[in-house]
Structures are given as C-alpha cells and as structure tokens.
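Engineer: Pasting a predicted model and its sequence here:
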Amino acid sequence: DGGITQSPKYLFRKEGQNVTLSCEQNLNHDAMYWYRQDPGQGLRLIYYSQIVNDFQKGDIAEGYSVSREKKESFPLTVTSAQKNPTAFYLCASFGHMNTEAFFGQGTRLTVV
Amino acid sequence: ELKVEQNPLFLSMQEGKNYTIYCNYSTTSDRLYWYRQDPGKSLESLFVLLSNGAVKQEGRLMASLDTKARLSTLHITAAVHDLSATYFCAVDIKGDDKIIFGKGTRLHILP
C-alpha cells in the first residue's frame, strides 16, 4: 500500500544536539512539506520541496535544515540553533499538482 | 503575506444540529484543503477543492469554495458525536506552492 511514513514516532533531544526526523513516501509524489504544530495551535510551515534537489523556506525555517536527494525522502534536521524545538512535527506529500494530499503520522519531539 | 482565518475557533454543539465553519483567505489561491485532526493524531484529508463553485460532500460533511470571495465553508449536517475533532482549512498560494493552514476549529459535539 502506498503511504507516507515518519520516524521515529517519539524523539527526545538533549540541549545542544542536532536531531534528524525521517519522512519517506512511496506515492510517487513530487511535493513534500514539513510543518510544526504546537499544543492547541495550527500548523506552521518549515520547509517545502517541489522537486528533487530543490527546496524553499517556509515561515519558520530558522534553526531547521532539509535535503531532497531522492524523490521519496525529505528528512528534517532540527539543529541546536532552534531554541524551542519541543513540538509535533508533521510531514506531508502532495501529488498530481497538489490535488492529492497525505500526512504522515507525525514525530513528537521533546527536549530533555 | 497570505492569511488564512477560520471561524469559529471553538464550537460546541448538540447532536442533530447543523452548523458551518468558515475559512477566509487573503490572496489568490488555486486549491483549498480541509483536514480533520483527532487529539494526539495526524491530519486526515477530507476534501480538496480546485475551482470556483466546487462543492464536495462526504457523509454529513459538505465543503464549498468561492474563489471570488476567497471563502470556503465546511457544513455539518445533523451532527453526531463521532464528528468531534479539530478541523483545519489550508490554502495553496497561487504561483508559490506554499500551503498555509488556518488555526483550526475545535468542534465538540455533545451527545
């Protein structure tokens, strides 16, 4: 079955560490997006990518980095420069000119 | 800068009643999305609206889009408890491919 997979489901980070969140899709979608959700809040756009080897900053890109070396994969690195990284991170893929839209199950990141 | 505003942000209603959630946006858009989120879970896609006047229905939910007014509505008919969730609209900025979300409408349906 086609789908979008995020891992891990839960992640704990110590102060000053970089961590990488995985997002993989087998839907053959071109576009992939990363969002951050804080408790009781909406989703805020971190980065997005329409094609391999190209990506754009969203509204809250500071302290994050991404890569898009393969169509199927769009990992997000939360760097030590992100001062308040505790949040729920959601990856989405969109296909057929953004008419098909799917989200992964999310990664809950906590700073300890 | 695109703004996406949903209202109401919180809605408590009785089973069997009808209600509408509104989504206004501030710039030209090609596509409008509606999602459902249950507590602690990811988002589930409900509808993708692609053109002015588009209307889609699934069960007790019906979504519509008016691109001239920059307004989408999500109408709930004869609400049931299982529809309790947070509903988000999202807008695809034309020519940019940014997809921006509203703050969500938390819907609580009383049995």
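Structural biologist: Cool, got the structure.
Engineer: can you tell me which residues contact the residue nearest the centre of chain A?
Structural biologist: Taking CA atoms, centre = their mean, the centroid of chain A lies closest to residue A:34, which sits 3.3 Å from it. Residue A:34 makes contact with A:23, A:45-48, A:58, A:64, A:66, A:74, A:76, A:89-92, according to CB atoms under 8 Å, 6 or more residues apart in numbering or on different chains. In short, each C-beta sits where N, CA and C put it, glycine included.
Engineer: Narrow those residues to those in strands?
Structural biologist: Judged by DSSP state E, the subset of those located in strands is A:23, A:45-48, A:64, A:66, A:76, A:89-92.
Engineer: what subset of the residues you listed is also close to chain B?
Structural biologist: A:45, A:48, A:90, A:92 (CB under 8 Å from any CB of the partner chain).
Engineer: Quick one: the strands in the chain, in order.
Structural biologist: In the absence of a named chain, chain A is used. Assigned by DSSP E, the strands in chain A fall at A:4-7, A:10-13, A:19-25, A:31-37, A:43-51, A:54-57, A:64-66, A:76-78, A:87-95, A:100-103, A:107-111.
Engineer: hm, I was asking about chain B
Structural biologist: Under DSSP E, chain B gives strands at B:4-7, B:10-14, B:19-25, B:29-37, B:43-49, B:55-58, B:61-66, B:71-76, B:85-93, B:99-101, B:105-110.
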